[in-house]
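S.K.: Attaching a predicted model along with its sequence, questions to come.
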Amino acid sequence: MAYVTDMDCSNNTLPRRARKKLQKIGLIRKWVGGEVLKALAYDVLIPRYKTKNAISLRLWEAKATAEDFNLFQFNDGQYESAAQLHARAQQFYLEKRLTSLSITLQICAVLYPGDATEEGKLLRLKQQFFLCSASLQDMIARFKEMKSM
């Protein structure tokens, strides 16, 4: 982040799954698969007008998890399969194509993408879902922590 007052809340990361599939086994339905995203929180302090205190604005950043890079495969010489996410990231920065990227890069690349196309609308919906989900999970966790005290 670019602010001097940024506080990295690395201990406050929330896992989210994207691109899940619904699996039906008889009457039981279960979400399976998907990419795991991490919602990393940053708190920005905002000074209040004519007071000595500040409020905190919580911002979120999507991060890929360690599951996207397999160190064991990399150390065994399987460089191509282990560095697949890195290759997709390079492809994005060189070609600026969002269709073949991981969901993490899609969400992080541009905030408020153009929604003139169907893909743009879907990407904006993914971003809104991710950010709202992270905020709601954080609020619920804080509430539960406060109630347990």
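M.R.: Structure received. Residues are numbered from 1 along each chain as shown.
S.K.: Check which helices and strands the helix or strand in which Asp138 is found sits against.
M.R.: In the assignment (DSSP states H and E), Asp138 maps to helix 118-148. Applying 3 or more Cβ pairs under 8 Å, 6 or more residues apart in numbering; DSSP states H and E, we find helix 118-148 packed against strand 6-18, strand 35-47, strand 54-64, helix 103-109. C-beta coordinates here come from the backbone N, C-alpha and C atoms, glycine included.
S.K.: what comes up buried for it?
M.R.: Buried residues in helix 118-148, defined by neighbour count with 16 or more other Cβ atoms under 10 Å: 123-124, 126-127, 130-131, 134, 138.
S.K.: quick check: angle from that helix to strand 54-64?
M.R.: Compare the direction of helix 118-148 with that of strand 54-64 by axes from the mean of the first three to the mean of the last three Cα atoms, to 10 degrees and you get 120 degrees.
S.K.: and the angle for helix 118-148 with strand 35-47?
M.R.: Going by the same axes, to 10 degrees, helix 118-148 makes 70 degrees with strand 35-47.
S.K.: and the helices and strands packed on helix 118-148, which one's lowest on average pLDDT?
M.R.: When the helices and strands packed on helix 118-148 are ranked by mean pLDDT, strand 6-18 comes last with a mean of 57.
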